[in-house]
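Undergrad: Next one to model:
(chains A and B)
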Amino acid sequence: MEFESYDVLVVGGGLAGIRAAIAAVEANPRVKVGMVSKVYPMRSHTVSAEGGAAAVLRPEDSYETHAFDTIKGSDYLADQDVVEAFVREAPVEIIQMEHWGCPWSRDPDGKISARPFGGMTTWRTCFAADKSGFHMLHTVFQTSLKYPQIHRHDEAFVTKLLVEDSRCIGVVAFDMRSGRFEAITAKSVILATGGLGRIYAFTTNGNICTGDGMALAYRAGAGLKDMEMVQFHPTGLPFTGILITEAVRGEGGYLTNNQGERFLKRYVPNKMELGPRDIISRAMTTEFEEGRGFEGPHGKYMHLDVRHLGEVLIDRKLPFMRELGREFLGIDIVTDPIPVRPVQHYMMGGVEADIWGATPIKGLYAAGECANVGLNGGNRLGSNSLSECLVFGAASGRAAAHYAASAKEVGANPVDALLKDETHRVESTYLDKKGGDQRIGQIREEMQRRMDEGAGVFRTRDGLERLTRDLGALRERFEHIKIEDSSRTFNTDLTAALELDYMLEIADAITYSALAREESRGAHARRDFPERDDAKFLKHTLAYRTDELAPRLEYRDVRITNFQPQARTY
Amino acid sequence: MADKRITIQTTRFDPDKDERPRLQSYDIPFSDESMVVLDALNYIKAHVDGSLSYRWSCRMGICGSCGMMVNGTPKLSCSAFLRDYWPRPVVVKPLNNFPIVRDLVIDMESFMDKLKSIKPWIIRKQEIPLGAGEHRQTTSQIDDFKQFSQCINCMLCYAACPVYGLNNEFLGPAAIALARRYNLDSRDQGTKERLPVIADSEGIWECSFVGECSVVCPKGVDPAKAIQQTKLDTTMRFVLPYGNRE
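TA: The predicted structure follows:
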């Protein structure tokens, strides 16, 4: 059988994936790169990022402070060598984006501007108004169109990594349009599939953020690292979960409770609204519990107030926020406070990968939100993730191209059989399945609700144990799902089932990892273990898939170079 | 409120078995004033009929996936509120002027080719090295192209464009607006390479400045203006002496 074959295959078409594809080609112009994505690349969730990308570009800033802010922000769970390399590369990437046409907002002298951001001690978040992710994604995507070496498979859904002799040699995917299964082989594969927010009910993440790459790597035997570290952003709109950027606070917005009080003075007195996300989300939750939140039709909320900033600044620096307020709430943020509450936003955890994005599986790389290279630890600082996509996207693209140059060709021999097996698996489990009675949508909604309850801002042993049982029961129900769509053409009932299968699997990894970490660190806050415990848990969690519900957990020391752990106060 | 309901009629089409698209009606709870058309479709898919297919992702008006005809007007379904239609039924169809792949999913491959054809990237006679730092650009230089850079490729303007409706070879509003976005960027020197593609393309001279494209744009882009400006530039190219042509 014939199949497409590449030197480097990128799975995912967001910022990290496209950056990786371009880096591979620029490292070696003879490299043939494939990019497979379940959506057209410009739909990728990078598009929703708002606030900006962090990089040391101003004379008063230093690599050391960016590194320290990141490490302190991570609650000392970041690998410090990785952070130190990252902060040096980030400015180069921001300039590269500028050369590719990113419309960065500028200072009066024409240089790239910066704004303050949570947990950063100085102004280092470069931004394109409050649509930074949108502009960055469209810039790299449009730039990628000039490289004839990059071949895209848009709207193709990956169901399996092809692994032979513990080396990754491609993927099995089906083209959503034709429903045809195909093997796409490659000497090296880069996962850049983004986050998993749709495991939760209340999330800023788009419908496509279903953790596909994490589940694919997990099934192929890679470890998922620090999966208990799930970020809750303090400011999502009630009901929709639409993100209100941290830049609103960076530009001077206030968070107030139902007493009209800037309550953060009790939690992060030195940073106030510019404290890190994990602490502010906990502060808001605590205020709600103590009766100081507003009550609305969609639950409790706080006010995010920018009225004192004035229309001119808002229209110049936060125009999209004004647009979102008008479109979705019918308010004008120039004259009305914005209702907000904590919302699942980002996954610090991900596929275990080194500083080049290399995973323990030969030929398999991971970058961006689906990866855990050790940058974010227990809590990612706002505006580090867009930079992470660029820095580690580029690093993995170069490394994968380099690996491909000396790697053996992928032969037809194992691939034919693997494709046949995988096609049969999906067809028999889903398309040809008879007699199921469980609705995919209902299992998904229940999983999301349970995750919100059991693995949210605060966790307890009881809650997490209950969650493992609930997830187990949902897994049983999943065995009896009914696929209502028998068409081969754009069957989103099938993709929803495959995504739910991925999500149920990694929800387990999150829950068991959280249960085992008996301390509070970064975004992982245990009511029953409220203190950080460096003696026991200055370690990464690694979850490996087993045939049981519970993964096998291992621990690995955090790499510390120049910054000894200290109390994390702001 | 709890008992309020709304009727959604949506296009169903499966090329494997249907000869032509048909409308299917769903009566669903209108349980929250904040519900948008996309929420209604998601309710149908999760609770009534899992076989309905449509594209969506961000549900905040920025990914550009969920464009549909809502009661005859091209809209992002994530920002079309049910309360603006209730108690009338809401009729949801795939975007006009595109082939239908399935249900509400359109075929937008031709746009992807058009986008590439206008070379939507910075073209320089001489690349400056990364070590030289950024190009300086003032806020007013950004303002020159800013509105054209807001395009989310949602295809609403193509669905509204009468010229595109008659001639699918027409580059169309979004592609021309994006070409304009790069032509007007102070960092770019590629106007000469792009102009022939745009000016000689089919359709641009048929655009009668109806301006429907600009009316339906959810992001405030004014493609009609981009098209008129491009026509003017093209004319200037023939009028000006050689040395002044850029």
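
Undergrad: Let me know the pLDDT of the residue in the stretch 351-500 of chain A that chain B sits nearest to.
TA: The stretch 351-500 of chain A approaches chain B most closely through residue A:441 (2.6 Å), counting by Cβ to the nearest Cβ. To be clear about C-beta, it is placed using only N, CA and C from the backbone, and glycine gets the same treatment. What the model reports as pLDDT for residue A:441 is 97.

Undergrad: which residues touch the spatially closest residue to it that is not a sequence neighbour?
TA: The shortest distance from residue A:441 to any non-neighbouring residue, by Cβ to Cβ, 6 or more residues apart in numbering or on different chains, is to residue B:46 (2.6 Å). Applying Cβ atoms under 8 Å, 6 or more residues apart in numbering or on different chains to residue B:46 gives the contacts A:439-442, A:444-445.

Undergrad: what's the spacing between residue B:135 and chain A?
TA: Using Cβ to the nearest Cβ, to the nearest Å, we find residue B:135 at a distance of 7 Å from chain A.

Undergrad: so how far is residue B:122 from that residue?
TA: 9 Å (Cβ to Cβ, to the nearest Å).

Undergrad: so what sits against both of those two?
TA: A:99, B:187.

Undergrad: where along chain B do the strands fall?
TA: Here chain B has its strands, by DSSP state E, at B:5-12, B:22-29, B:67-70, B:73-76, B:90-93, B:100-102, B:105-106.

Undergrad: For chain A, which of those is the nearest?
TA: Of all the strands of chain B, strand B:100-102 comes closest under Cβ to the nearest Cβ, at 3.9 Å.

Undergrad: and the stretch 201-350 of chain A, which of its residues are near chain B?
TA: A:206-208, A:239-240, A:242-243, A:297-298, A:320, A:323-324, A:327-328 (Cβ under 8 Å from any Cβ of the partner chain).

Undergrad: any weak-confidence spans in chain A?
TA: Within chain A, the ranges that satisfy pLDDT under 70 run A:1-2.

Undergrad: Give me the longest helix you can find in it.
TA: Across chain A, the helix with the greatest residue count (assigned by DSSP state H) is helix A:492-516.

Undergrad: which residues touch the closest residue in space to residue A:251 that isn't next to it in sequence?
TA: Leaving aside its sequence neighbours, residue A:251 sits nearest to residue A:317 (Cβ to Cβ, 6+ apart; 5.6 Å). Counting by Cβ under 8 Å, 6+ apart, residue A:317 touches A:105, A:115, A:127, A:129-130, A:247, A:251.

Undergrad: now those residues as JSON lines including neighbour count, distance to residue A:49 and secondary structure?
TA: Shown next, in JSON lines, are the contacts of residue A:317 (neighbours: other Cβ atoms under 10 Å in any protein chain shown; distance: Cβ to Cβ, whole Å; DSSP: H, G, I helix; E, B strand; the rest coil):
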{"residue": "A:105", "neighbour count": "21", "distance to residue A:49": "15", "secondary structure": "coil"}
{"residue": "A:115", "neighbour count": "21", "distance to residue A:49": "14", "secondary structure": "strand"}
{"residue": "A:127", "neighbour count": "25", "distance to residue A:49": "10", "secondary structure": "coil"}
{"residue": "A:129", "neighbour count": "23", "distance to residue A:49": "12", "secondary structure": "coil"}
{"residue": "A:130", "neighbour count": "28", "distance to residue A:49": "10", "secondary structure": "coil"}
{"residue": "A:247", "neighbour count": "26", "distance to residue A:49": "11", "secondary structure": "helix"}
{"residue": "A:251", "neighbour count": "21", "distance to residue A:49": "16", "secondary structure": "coil"}
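
Undergrad: I'd guessed residue A:253 sits against residue A:310; true?
TA: No: here residue A:253 does not reach residue A:310: they are 11.9 Å apart, not a contact under Cβ atoms under 8 Å.

Undergrad: Mark which of the residues of the stretch 201-350 of chain A next to chain B are part of strands, please.
TA: Going by DSSP E, the strands hold none of those.

Undergrad: Looking at the residues you listed, spot the one nearest residue B:207.
TA: Nearest to residue B:207 among these, counting by Cβ to Cβ, is residue A:323 at 27.4 Å.

Undergrad: ok so, going back, so for residue A:568, which of the strands of chain B sits nearest?
TA: Across the strands of chain B, closest to residue A:568 is strand B:73-76 (Cβ to Cβ), at 41.5 Å.

Undergrad: got the buried residues for the closest one?
TA: For strand B:73-76, burial by neighbour count (16 or more other Cβ atoms under 10 Å in any protein chain shown) applies to B:74-76.

Undergrad: Run the contact check for that strand versus chain A.
TA: No: using Cβ under 8 Å from any Cβ, strand B:73-76 stays clear of chain A, with a minimum separation of 9.3 Å.

Undergrad: For that strand, name the packing helices and strands.
TA: Judged by 3 or more Cβ pairs under 8 Å, 6 or more residues apart in numbering or on different chains; DSSP states H and E, strand B:73-76 is in contact with strand B:67-70, helix B:156-160, helix B:212-216.

Undergrad: Quick one: residues in contact with the first one.
TA: Right, strand B:67-70. With Cβ under 8 Å, 6+ apart, strand B:67-70 has contacts from B:37, B:54, B:74-77, B:80, B:85, B:90-96, B:104, B:154-156, B:159.

Undergrad: hang on, the earlier thing: closest one of the residues of the stretch 201-350 of chain A next to chain B to chain B?
TA: For these, the nearest to chain B is residue A:206 (3.7 Å; Cβ to the nearest Cβ).

Undergrad: Any idea how many residues pack against the nearest residue to that closest one once chain neighbours are set aside?
TA: Spatial nearest neighbour of residue A:206, chain neighbours left out: residue B:57 (3.7 Å); criterion: Cβ to Cβ, 6+ apart. A count of nearby residues for residue B:57, using other Cβ atoms under 10 Å in any protein chain shown, gives 23.

Undergrad: pLDDT score assigned to the residue of chain B found nearest chain A?
TA: Closest approach of chain B to chain A (Cβ to the nearest Cβ) occurs at residue B:46, with a separation of 2.6 Å. Looking at residue B:46, its pLDDT reads 97.

Undergrad: Run the angle between the helix or strand harbouring residue A:445 and helix A:492-516 for me.
TA: In the assignment (DSSP states H and E), residue A:445 maps to helix A:440-454. Angle of helix A:440-454 versus helix A:492-516, following axes from the mean of the first three to the mean of the last three Cα atoms, to 10 degrees, is 20 degrees.
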